[in-house]
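> Return atomic coordinates for the entry below.
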Amino acid sequence: MEDDSNEKDRKKRVLNRPVAVALAVAILGVLAMLIVDHGAWNRPQVQTAEVATYKTTGEAARAVGARVSPTEPKPAIEPEPPGPKPIHPANTAPP
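Numbers count the residues shown, from 1 in each chain. Sure, this is the predicted structure:
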């Protein structure tokens, strides 16, 4: 009889060990994320008044006298790419 209770206690301890390890890993992972996300090195950067005034690169460029122009559009008809044309897969659906 005593062997049965001893064996049950041993099985219970063996089953609890992976749960304890998983719980420890989860807690350490959450703590690590909190430290990385909310650490002292993760503070908002202070900007000068000049930088904060211009919200886009275009506005800042125009303010100092630069000319901003859009990129050239692609031609309507593009040349055929070199190499073989892709083959369409066969229609495997039954008619």
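> what's the following helix or strand after the helix or strand of the chain with the lowest mean pLDDT?
Lowest by mean pLDDT, DSSP states H and E among the helices and strands of the chain is helix 49-53, with a mean of 66. Using DSSP states H and E, the helix or strand that follows helix 49-53 in sequence is helix 57-63.
> so how far is that next one from its chain's centroid?
31 Å (Cα atoms, centre = their mean, to the nearest Å).
> Could you do stretch 33-46 as well?
From the chain centre to the centre of stretch 33-46 is a distance of 18 Å (Cα atoms, centre = their mean).
> end-to-end on it?
24 Å (Cα to Cα, to the nearest Å).
> Ok, stretch 66-73 next?
Span of stretch 66-73 from end to end, Cα to Cα: 21 Å.
> Check the offset of that stretch from the chain's centre.
Worked out by Cα atoms, centre = their mean, stretch 66-73 lies 32 Å from the chain centre.
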